[in-house]
Every structure is written in C-alpha cells, then in structure tokens.
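Trainee: Provide a 3D model corresponding to the input given below.
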Amino acid sequence: MKKPNIKVKITKEDSGYSANGTVHNIFINTEGDNFDELKINILEAVNLAFEDSGFAYTLEEIKFTFDMESFFNFYKIINAKALSERIGMNQSLLAQYVKGIKKPSPSQAQRILNGVQKLGRELAEIRFVL
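Mentor: Take a look at the predicted model:
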C-alpha cells in the first residue's frame, strides 16, 4: 500500500481547536487548547492510526484545511479590514464571515482564499536589503 495523503480539517471550538479527517476508512480525530498543541496531537493521532501499516508522518506531510472562522482566528496577523480592501469585498461582510456569523458562498470563499494566497505569494517573494 502506498503511503496515504493525509488531510485534516481544523475547526475553532468554544474552547480550543479540533481536527478530524478520514483516510482509507480510518477516522482521525483530536483536539487541543491551542494550535501548537493541536498540531502535536494531530501528528500523534496520524502516526498511531498508521502504525500497523509501517508509515510514519511529519507535520509537513499533513495538509490542514480550515473553516473561515478558524483560519482567521489562527492567522490573526491577517487584517480582515485590509484584506477586504485588497479583494474588493465589503468590510462588514468579511467581518461576519470571520466571526462565523455568516457562511460565505463557495464563490465568496474562493475569492477570499485567492486574496490570501496572493498575499502569501507576495510575501514569499520579499527580500530585505542587508
């Protein structure tokens, strides 16, 4: 059996975070008080789930997906007001998505994701003069 790709969904809960995913009929579920603890618990849960198969994973091999509220809660460094201006979205509407008050349509979610990814590419290309 080829080493399976692992994808887990991260969700902000009332207290902390949870993560879950299903890979080859193996359900992986864990939680943590903060994202750093959650990542450790995810890695432990994934490696425990595939221990009998002889597979060992690193965090870099695990793909994380987020709901909108969890993403902006974890990446607080992304200013929703500035992002709304960059992508041409009403600031109040984006704030409602970020707070979980409203759920974005698939096209709105893609628009936000595209804006975040574009920002990430721009940041990755920055070089400082030394």
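
Trainee: care to break this protein down by domain?
Mentor: Split into domains by automatic domain parsing, the chain comes to 6-66, 68-124.

Trainee: same list (these) but as TSV, adding mean neighbour count and mean pLDDT.
Mentor: Backbone N, C-alpha and C define where each C-beta goes, glycine included. Formatted as TSV, the domains of the chain follow (neighbours: other C-beta atoms under 10 Å; pLDDT from 0 to 100):
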stretch	mean neighbour count	mean pLDDT
domain 6-66	15	93
domain 68-124	14	92
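
Trainee: these: which one's closest to residue 130?
Mentor: Closest of the domains of the chain to residue 130 is domain 68-124, at 17.8 Å (criterion: C-beta to C-beta).

Trainee: would you list the phi and psi of residue 78?
Mentor: phi -80, psi 120 (degrees, to the nearest 10).

Trainee: now do the helices in this structure.
Mentor: Along the chain, counting by DSSP state H, helices occupy 35-49, 68-74, 80-87, 91-98, 106-124.

Trainee: identify the residues contacting residue 80.
Mentor: Shown in contact with residue 80 (C-beta atoms under 8 Å, 6 or more residues apart in numbering): 72, 91, 94, 95, 98.
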